[in-house]
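# generate coordinates for the sequence data below:
(chains A and B)
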There are 2 protein chains.
Amino acid sequence: MELVASNKCFGGEQKQYSHTSSSLNCDMRFSIFLPPQAEEGKVPVLYWLSGLTCTDENFVQKAGAQRYAAEAGIAIVCPDTSPRGEDVADDAEGAYDFGLGAGFYVNATQAPWNKHYHMYDYITQELPALINAEFPVDVERQSISGHSMGGHGALTIALKNPQQYKSVSAFAPIVSPINCPWGQKALGGYLGNNENAWFEYDTCELVKNAPVKLPMLVDQGDADQFLEEQLQTQRLVDACDQAGYSAEINMREGYDHSYFFIASYIESHIEFHRKFLFS
Amino acid sequence: MELVASNKCFGGEQKQYSHTSSSLNCDMRFSIFLPPQAEEGKVPVLYWLSGLTCTDENFVQKAGAQRYAAEAGIAIVCPDTSPRGEDVADDAEGAYDFGLGAGFYVNATQAPWNKHYHMYDYITQELPALINAEFPVDVERQSISGHSMGGHGALTIALKNPQQYKSVSAFAPIVSPINCPWGQKALGGYLGNNENAWFEYDTCELVKNAPVKLPMLVDQGDADQFLEEQLQTQRLVDACDQAGYSAEINMREGYDHSYFFIASYIESHIEFHRKFLFS
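Residues are numbered from 1 along each chain as shown, chains lettered A, B, ... in the order given. The predicted structure is shown next:
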């Protein structure tokens, strides 16, 4: 693990590292914010999964989360959104919604994607093992959040691994990839035509049979340009209603898909996770 | 004036516009944050001047100031850092510290720079006139702040126009361009070898004879990689001491030159300006 950058921020430290990932078969970068409280002992940790086209840096630079994480005493880990490197396959036409920057947090089964695209394993196993070994974080107190494709990642990962997280939240998540163009392209490419495999990565499907109803918070802007075609938040509202899953799902008037929306509500998400990380 | 982008943010609106500048003789962009209070009447306005290599967007995306501006009811205007466009002269070697992205907030007198590089007039006259005409801001309540080269801009502009601003602040400003490599290159290029002209744009020189001692706040990180050679904060401390100018100048342990530093202390700067904008 190699330190790439380090900046003092709100009394804590915003750091970026590179490391060689065995699950992704390439070198990866991640960012971690360590609050001031980490100097005195282990702190709980929030994983943040970013959306299409992002790296580990977008949330770090644009969300303004460090202020609230420093107050709450929570570390924030931001992984990249796909495997990276010259030999990592990319969309044939360089599209923004598949391949590099668009790993969708799944384990690809189809060639050539299955050589590197194992973001599910990376996020659920390899990265937490590294973080827990190298930083003063409490392995028993993890939560997860994300935006758009990363909201999909956070929700599916938490629903499939409720023992691993205390709570889950998302901004403008893709809630049913099996039912939207972004998701159909990604799941078809990474998993092939076997739609049973797709169900394993669909929040609305997973909610139906969730063995544990982990605390869940979702915020969605009603001026989001992707709401109708890609995000389809109402599907999650309906799935939760039908499953008796009491998630908090808020529609926010006038907000769009940008980090200005995330910045406006990240305090309430940190506050939400804090309740469960410190209970 | 043309709207380029608009995003709801902390209940207010973060907007970007383009317009044709007569003082700069080219098309320019600027960003403005309008707090929710602007829907009900005129609000005071803070001008933010960015540093080398920046555009109007860096502060908007990275400082997290909107939260505090929304609470305080203050608009924030972020201009670009130089004239722009294909026919605008740039440093012969494309250096980051002269030419495009490095206007130093002066009126250039030397060819070819004097064709476009009149950032001083743009910031002190043309842009405020446009803002006051087009947005619900109170022309009687303006303050100014900035970072690095923009801190130099804010301090010199406020010291030369104390009637125009209620207060001035800066993060990691160049306090004496006549005494540092960045400043000597810029002032020599834009103003030529007449060093008397340079004094007009040197904060430490201007402090000596300030007719009005405008409230001034400066924050400087002691881990700033540019502190010793370029910023030389101690010169401002000494100049203020000698002039009996009671500025608040804080050294912040462990902070560097990045926006992570600005984000960490921008709340205290908004709070500082608020006192004078609402008194």
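
# tell me where chain A has strands.
A:2-9, A:12-21, A:26-34, A:43-49, A:75-79, A:137-147, A:168-171, A:216-221, A:248-252 (DSSP state E).

# most tightly packed of those strands?
Using mean count of other CB atoms under 10 Å in any protein chain shown, the stretch among these with the largest mean neighbour count is strand A:168-171, at a mean of 30. No exception for glycine: its C-beta is placed from N, CA and C like everyone else's.

# how distant is that strand from the center of its chain?
Its chain's C-alpha centre and that of strand A:168-171 lie 8 Å apart, by CA atoms, centre = their mean, to the nearest Å.

# could you export the least confident helix or strand in chain A by mean pLDDT as CSV, CA atoms only?
Lowest on mean pLDDT, DSSP states H and E among the helices and strands of chain A sits helix A:195-199, with a mean of 94. Extracted C-alpha coordinates of helix A:195-199, given in CSV (Å, rounded to 0.1, in the frame of the first residue of the first chain):
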residue,chain,number,x,y,z
GLU,A,195,-31.5,-13.0,-16.0
ASN,A,196,-31.5,-15.1,-12.8
ALA,A,197,-28.0,-13.8,-12.2
TRP,A,198,-29.2,-10.3,-12.7
PHE,A,199,-31.7,-10.6,-9.8
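
# all the helices of chain A, residue numbers only.
Using DSSP state H, the helices of chain A run over A:57-62, A:66-72, A:119-121, A:127-134, A:149-160, A:181-191, A:195-199, A:203-208, A:233-243, A:259-277.

# I'd like the ones you listed as CSV, with distance to chain B appended.
Formatted as CSV, those follow (distance: least, CB to the nearest CB, whole Å):
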stretch, distance to chain B
helix A:57-62, 5
helix A:66-72, 7
helix A:119-121, 26
helix A:127-134, 21
helix A:149-160, 18
helix A:181-191, 21
helix A:195-199, 33
helix A:203-208, 25
helix A:233-243, 17
helix A:259-277, 4
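
# relative to B:Ser258, how far out is the one residue in the stretch 51-200 of chain A that gets nearest to chain B?
Chain B sits closest to A:Gly64 of the stretch 51-200 of chain A, with a gap of 3.5 Å, by CB to the nearest CB. To B:Ser258, A:Gly64 is 14 Å away according to CB to CB, to the nearest Å.

# the more surrounded of these two?
A:Gly64 (25 against 21; other CB atoms under 10 Å in any protein chain shown).

# show me the contacts for the more buried one.
Contacts for A:Gly64 (CB atoms under 8 Å, 6 or more residues apart in numbering or on different chains) come out as A:Ala263, A:Ile266, B:Gly64, B:Arg67, B:Ala263.

# before we move on, what about A:Gln66?
By CB under 8 Å, 6+ apart, the contact set of A:Gln66 is A:Cys9, A:Phe10, A:Gly12, A:Gln14, A:Phe33, A:Ile76, B:Phe260, B:Ala263, B:Ser264.

# now these as TSV including pLDDT?
Formatted as TSV, the contacts of A:Gln66 follow (pLDDT from 0 to 100):
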residue	pLDDT
A:Cys9	98
A:Phe10	98
A:Gly12	98
A:Gln14	98
A:Phe33	98
A:Ile76	98
B:Phe260	98
B:Ala263	98
B:Ser264	98
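
# from these, which is closest to B:Met1?
Here the nearest of these to B:Met1, counting by CB to CB, is B:Ala263; it sits at 29.3 Å.

# excluding its backbone neighbours, what's nearest the closest one?
Distance criterion CB to CB, 6 or more residues apart in numbering or on different chains; nearest residue to B:Ala263, sequence neighbours excluded, is B:Gly64 at 4.8 Å.

# state the distance from the one you found to A:His273.
Remark: distance between B:Gly64 and A:His273 (CB to CB) = 19 Å.

# A:Tyr105 and A:Thr156 touch, don't they?
Yes. Under the criterion of CB atoms under 8 Å, A:Tyr105 is in contact with A:Thr156, at a separation of 6.8 Å.

# any residues in contact with both of those two?
A:Tyr201.

# and the gap between the residue of the stretch 101-250 of chain A found nearest chain B and A:Tyr255?
Scanning the stretch 101-250 of chain A for the residue nearest chain B gives A:Ala223, at 6.9 Å (criterion: CB to the nearest CB). Per CB to CB, A:Ala223 is found 6 Å from A:Tyr255.

# who has more neighbours out of the two?
Each of A:Ala223 and A:Tyr255 has its neighbours counted (other CB under 10 Å); A:Tyr255 has more, 24 against 15.

# list the buried residues of stretch A:119-135.
A:119-124, A:126-128, A:130-132, A:135 (16 or more other CB atoms under 10 Å in any protein chain shown).

# hmm, I typed the wrong one, I wanted stretch A:155-166.
A:Leu155, A:Thr156, A:Ile157, A:Ala158, A:Leu159, A:Asn161, A:Gln164, A:Tyr165, A:Lys166.

# and the residue most central in space within chain A, what's its pLDDT?
The residue lying closest to the centre of chain A (CA atoms, centre = their mean) is A:Leu49, at 2.4 Å. Listed pLDDT for A:Leu49 reads 98.

# wait, it touches A:Val77, no?
No. Counting by CB under 8 Å, A:Leu49 stays clear of A:Val77, with 9.8 Å between them.
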